[in-house]
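Asks: Task: produce atomic coordinates for the following.
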Amino acid sequence: MKALIVSDVHSNLEAFTTVIEDADRLGGFDEIWSLGDLVGYGPDPGAVVDLLREYPHQAIAGNHDLASVGKLSLEAFNPYAAAANTWTAGVLDEDRRQYLVGQPLTLEIDEFTLAHGSPRDPIWEYVISVRAAIASFNHFETYWCLVGHSHVPFICRPDAQRGAVFMSPPLGGSFDLGEERLIINPGSVGQPRDGDPSASYAMYDSVEKTVSHRRVIYDISATQDKMRLHGLPDFLIDRLAQGR
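Replies: Next comes the predicted model:
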């Protein structure tokens, strides 16, 4: 079985479509695993939800998904994110709203635990520090955990001396999962924040027991044009080309 692992699509239809096309070109996939934040920030929330639903998939909710359907207060978001979530809430129809409302906060699939933020706090916690990683390893029972939320791809493993070690995943190649516990972030499809504006995703091969990391260039200007058309904040528009 091959799974296309995506996170933080953030209503970016151009990026999501390009990722799916890239995965198809490399041999395809059996299902999509979505790690939350399908919507928010970008201009095509409904179309992104619909595109995911065209494929066999497993999905969990992210904080922007919950805010866009009224399940999370906008007070905790910065003004740009709050404005985008308010706009998103106004354009989602009831069918798509109910789809997002129905997503769980965590899932276990085979030897993976899926959580948007972290297995300890799926909504808000960022796994970006050794302390957060150590706590996270104590909050899932599977071999491996998949997270998103930070928009930065990484592989994290326990370390006897330092507690945990973060590594950049090998780009374009596969990573042997082995038998040790790992936390893996595929990066963001729709709004990368590691300095590379290209869409980031991962592929899991259950036969080979490997995860591969991919980056793909998409039509950023098309997404930006639609964001301007809808009056979304300039800050969110500009950052897409910066990967920040």
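
Asks: Lowest-scoring secondary structure element of this structure by mean pLDDT?
Replies: Every helix and strand in the chain was compared by mean pLDDT, DSSP states H and E; the lowest is strand 174-176, with a mean of 90.

Asks: packing partners for that strand?
Replies: Under the contact criterion of 3 or more Cβ pairs under 8 Å, 6 or more residues apart in numbering; DSSP states H and E, strand 174-176 touches strand 210-216. (Glycine included, C-beta is placed from N, CA and C.)

Asks: I'd like the next helix or strand past the strand it packs on.
Replies: Following strand 210-216 in sequence order, the next helix or strand is helix 220-229 (DSSP states H and E).

Asks: Which neighbouring elements make contact with that following helix?
Replies: Other helices and strands packing on helix 220-229, by 3+ Cβ pairs under 8 Å, 6+ apart, are helix 13-25, helix 234-242.

Asks: how big is the angle separating the shortest one from helix 220-229?
Replies: Right, helix 234-242. On the basis of axes from the mean of the first three to the mean of the last three Cα atoms, to 10 degrees, helix 234-242 is oriented at 180 degrees to helix 220-229.

Asks: Give me the distance between helix 234-242 and the centre of its chain.
Replies: 18 Å (Cα atoms, centre = their mean, to the nearest Å).

Asks: Now that helix: average pLDDT?
Replies: In this model, helix 234-242 has a mean pLDDT of 96.

Asks: got a list of what Trp87 touches?
Replies: His230, Gly231, Leu232 (Cβ atoms under 8 Å, 6 or more residues apart in numbering).

Asks: Please apply the same query to Glu180.
Replies: Here Glu180 is in contact with Tyr143, Arg157, Pro158 (criterion: Cβ under 8 Å, 6+ apart).

Asks: Could you look up the SS state of it?
Replies: coil (DSSP: H, G, I helix; E, B strand; the rest coil).

Asks: ok, it to Gly40 distance?
Replies: Distance, Glu180 to Gly40, using Cβ to Cβ, to the nearest Å: 34 Å.

Asks: And the pLDDT for the residue of the chain positioned farthest from its centre?
Replies: No residue in the chain sits farther from the centre than Gln161, which is 30.0 Å out by Cα atoms, centre = their mean. Here, the pLDDT recorded for Gln161 equals 89.

Asks: these two touch, right, Val48 and Leu13?
Replies: Yes - between Val48 and Leu13 there is a contact under Cβ atoms under 8 Å: 5.6 Å.

Asks: what ranges do the strands span in the protein?
Replies: For the chain, the strands defined by DSSP state E cover 2-6, 31-34, 57-59, 106-109, 112-115, 144-146, 154-159, 163-167, 174-176, 182-185, 199-205, 210-216.

Asks: any idea which residue sits dead centre in this protein?
Replies: Short answer for the chain (Cα atoms, centre = their mean): Ser7, at 1.2 Å.
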